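Novice: Predicted structure and sequence below. I'll ask about it afterward.
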Amino acid sequence: MSRGLILFAHGSRDPAWGDSLHALAREIEASDPGLQVRCAFLERLAPDLPTALAELAPRLTRLDVCPVFWAANGHVQRDLPALLDDARRTHPGVEMRLLPVLSELPGMLEFLARVILSLGHAPPVPAMGTSPAPEAGLAADARGARAMSAGERASALSPRPATDPSPADAAPGP
């Protein structure tokens, strides 16, 4: 079975806006070389979803579309399903699945909470306007992140499946 994935994002007037999405696509492809990964945008950046689908569909039997939106909003609830319906009519031999938005991916909220909390171990960043050089705060963050041991970074950045605590875990201690 030949598989593909399209990372679908909003887009921006700034061409550099899509750089991090393309970096994510490269990371996914490196992790699964058999998966063909492309980026597509709703507006302002190329390619749009129909163009990316037309490029990939002739080589695929299954295609997942991951909306790179934090929450299911108008674009994800209205625009994207309409685009996928058109694509299914145009490419009937390809099974197409719509994946969850970012905040609904398994373990995502817990993962982000761990990463954000791990940043608390870095030196504090001065409040906006109090540092003579704004990049000084970023440098302090980078030094703090480098100061974490490799094990601490791996633990903080490793996604873990979401689990419900057992009743014993949820019970207050003595």
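Specialist: Ah, there it is. Not measured: the values here are computed from a predicted model.

Novice: what are the ranges of the strands in the chain?
Specialist: Using DSSP state E, the strands of the chain run over 3-9, 35-41, 62-67, 95-98.

Novice: Return the most buried member of the ones you listed.
Specialist: Burial among the strands of the chain, expressed as mean neighbours by mean count of other CB atoms under 10 Å, is greatest for strand 3-9, which shows a mean of 23. (Glycine included, C-beta is placed from N, CA and C.)

Novice: helices or strands up against it?
Specialist: helix 19-31, strand 35-41, helix 49-56, strand 62-67 (3 or more CB pairs under 8 Å, 6 or more residues apart in numbering; DSSP states H and E).

Novice: now the ones you listed in CSV, with distance to S118?
Specialist: Putting the helices and strands packed on strand 3-9 into CSV (distance: least, CB to CB, whole Å) gives the following:
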stretch, distance to S118
helix 19-31, 20
strand 35-41, 28
helix 49-56, 35
strand 62-67, 25
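
Novice: Pop the domain breakdown of this protein in here.
Specialist: Following the assignment in automatic domain parsing, the chain carries domains at 3-104, 108-163.

Novice: thinking again about what came up before, got the helices and strands packed on strand 3-9 as JSON lines, with distance to L5 and mean pLDDT columns?
Specialist: Shown next, in JSON lines, are the helices and strands packed on strand 3-9 (distance: least, CB to CB, whole Å; pLDDT from 0 to 100):
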{"stretch": "helix 19-31", "distance to L5": "7", "mean pLDDT": "98"}
{"stretch": "strand 35-41", "distance to L5": "5", "mean pLDDT": "98"}
{"stretch": "helix 49-56", "distance to L5": "9", "mean pLDDT": "96"}
{"stretch": "strand 62-67", "distance to L5": "5", "mean pLDDT": "98"}
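
Novice: Which of the domains of the chain comes out lowest on mean pLDDT?
Specialist: Lowest mean pLDDT within those: domain 108-163, at a mean of 60.

Novice: roughly how far apart are A30 and M108?
Specialist: 20 Å (CB to CB, to the nearest Å).

Novice: of the two, who's got more company?
Specialist: M108 (16 against 9; other CB atoms under 10 Å).

Novice: Is it correct that the more buried one is in contact with L99?
Specialist: No. Here M108 does not reach L99: they are 11.8 Å apart, not a contact under CB atoms under 8 Å.

Novice: And the contacts of stretch 54-68?
Specialist: With contact meaning CB atoms under 8 Å, 6 or more residues apart in numbering, stretch 54-68 is reached by 1-9, 21, 24, 36, 38, 47, 49, 53, 75-76, 80, 84, 87, 90-91, 93-102.
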